[in-house]
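Asker: missing the sequence, but the structure's below:
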């Protein structure tokens, strides 16, 4: 009997943990933490383990809180879409009160952890939560410009790591911000293209022209080009302490051109498989260039 009770408890805990990961979007949060840590390595004069742990914990809390607030606000819309109807709140596995408790707790813990690093880091973290929940989330059903607003909190993590390491905001974290800012447009519009039918069921306006047309793809291509230009700028030596060696810049350029090829493939094929390939290429791109930047600093 004890074994059976223990099994039930373990099962209940594993389901609760699975819902916690879902409400905080754990995979997304981990990728954001990865960006922050990359920014920290780029900015740091010397690596401090406690600072890294605070940044990782605070970063996860900020993203987790934003996602939890988002799912509370969109609970009635999530029911309408295939990709979101099994989330904890619409599926009835978690109450709104529980989700809000998680969101508020993570907000407080995240701000405190980042404040210990530096007040500026906490300020940018708090701005990201505010913009994501109070501007981006409500605008998604009103205008495609929501993606522009959402790109601001989405671009903060890479920059946040540098600010956490230096307690300074200048050309270097500004450049990191711009790389991730422009990257988000091809990434999210590829995702929006794939999920357009589902998004429309929830009333979301995610594509720049409102439909899967030439205008949307041309904007994807244009923003990809801007992303490539900004990502290689540090090789020219006018981005302060943030710089790239010529071999590293070539690798970053190649990675960007590969992504651009996938954007042109979408222009040619105009189907969901092509959009999915572009989306996956964008995910690979952002992680890869962050690794190249960090390795170049320590090896070069």
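Answerer: Done, it's in. Since the structure is predicted, the reported quantities are computational estimates derived from the model, not experimental observations.

Asker: what distance separates the one helix or strand residue 273 maps to from the centre of its chain?
Answerer: Following DSSP states H and E, one finds residue 273 within helix 272-299. Centroid separation between helix 272-299 and its chain, computed with CA atoms, centre = their mean, to the nearest Å, is 13 Å.

Asker: shaky segments in the chain?
Answerer: 1-10, 300 (pLDDT under 70).

Asker: what about the helices in it?
Answerer: 2-23, 26-43, 49-73, 75-78, 96-117, 119-131, 137-139, 146-166, 171-194, 196-201, 214-232, 246-269, 272-299 (DSSP state H).

Asker: Switch these over to a markdown table, and while doing so, append distance to residue 90 and mean neighbour count to every line.
Answerer: (Glycine included, C-beta is placed from N, CA and C.) Output for the helices of the chain, formatted as a markdown table (distance: least, CB to CB, whole Å; neighbours: other CB atoms under 10 Å):
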| stretch | distance to residue 90 | mean neighbour count |
| --- | --- | --- |
| helix 2-23 | 11 | 12 |
| helix 26-43 | 18 | 21 |
| helix 49-73 | 8 | 22 |
| helix 75-78 | 4 | 16 |
| helix 96-117 | 11 | 18 |
| helix 119-131 | 22 | 20 |
| helix 137-139 | 16 | 17 |
| helix 146-166 | 21 | 24 |
| helix 171-194 | 20 | 23 |
| helix 196-201 | 13 | 16 |
| helix 214-232 | 28 | 20 |
| helix 246-269 | 31 | 17 |
| helix 272-299 | 24 | 18 |
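
Asker: closest one to residue 240 among those helices?
Answerer: Set against residue 240 and scored by CB to CB, the helices of the chain come closest in helix 171-194, at 4.6 Å.

Asker: Tell me what angle the closest one forms with helix 214-232.
Answerer: Counting by axes from the mean of the first three to the mean of the last three CA atoms, to 10 degrees, helix 171-194 lies at 150 degrees to helix 214-232.

Asker: Run the angle between helix 171-194 and helix 272-299 for me.
Answerer: Using the same axes, to 10 degrees: helix 171-194 against helix 272-299 is 160 degrees.

Asker: Of the helices of the chain, which is nearest residue 89?
Answerer: So among these, helix 75-78 is nearest, using CB to CB, at 4.6 Å.

Asker: helices or strands next to the closest one in the packing?
Answerer: If you count contacts as 3 or more CB pairs under 8 Å, 6 or more residues apart in numbering; DSSP states H and E, helix 75-78 packs onto no helix or strand.

Asker: other SSEs contacting the helix holding residue 273?
Answerer: Packing partners of helix 272-299 (3+ CB pairs under 8 Å, 6+ apart): helix 26-43, helix 171-194, helix 246-269.

Asker: and with 10 Å instead?
Answerer: Judged by 3 or more CB pairs under 10 Å, 6 or more residues apart in numbering; DSSP states H and E, the packing partners of helix 272-299 are helix 26-43, helix 146-166, helix 171-194, helix 196-201, helix 214-232, helix 246-269.

Asker: Apart from its neighbours in sequence, what residue is nearest residue 257?
Answerer: Of all residues beyond its chain neighbours, the one nearest residue 257 is residue 228 (6.9 Å), with distances taken as CB to CB, 6 or more residues apart in numbering.

Asker: what about that neighbour, distance to residue 221?
Answerer: Computed with CB to CB, to the nearest Å, the distance linking residue 228 and residue 221 is 11 Å.

Asker: do the same with residue 64
Answerer: Taking CB to CB, one finds residue 64 at 33 Å from residue 221.

Asker: List the residues that contact the nearest residue to residue 281 once chain neighbours are set aside.
Answerer: Leaving aside its sequence neighbours, residue 281 sits nearest to residue 262 (CB to CB, 6+ apart; 4.4 Å). Applying CB atoms under 10 Å, 6 or more residues apart in numbering to residue 262 gives the contacts 186, 190, 220, 224, 274-282, 285.

Asker: now the residues you listed in CSV, with distance to residue 131?
Answerer: Converted to CSV, those look like this (distance: CB to CB, whole Å):
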residue, distance to residue 131
186, 21
190, 22
220, 23
224, 24
274, 31
275, 26
276, 28
277, 30
278, 26
279, 23
280, 27
281, 27
282, 21
285, 24
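
Asker: Please consider this matter closed, and thank you.
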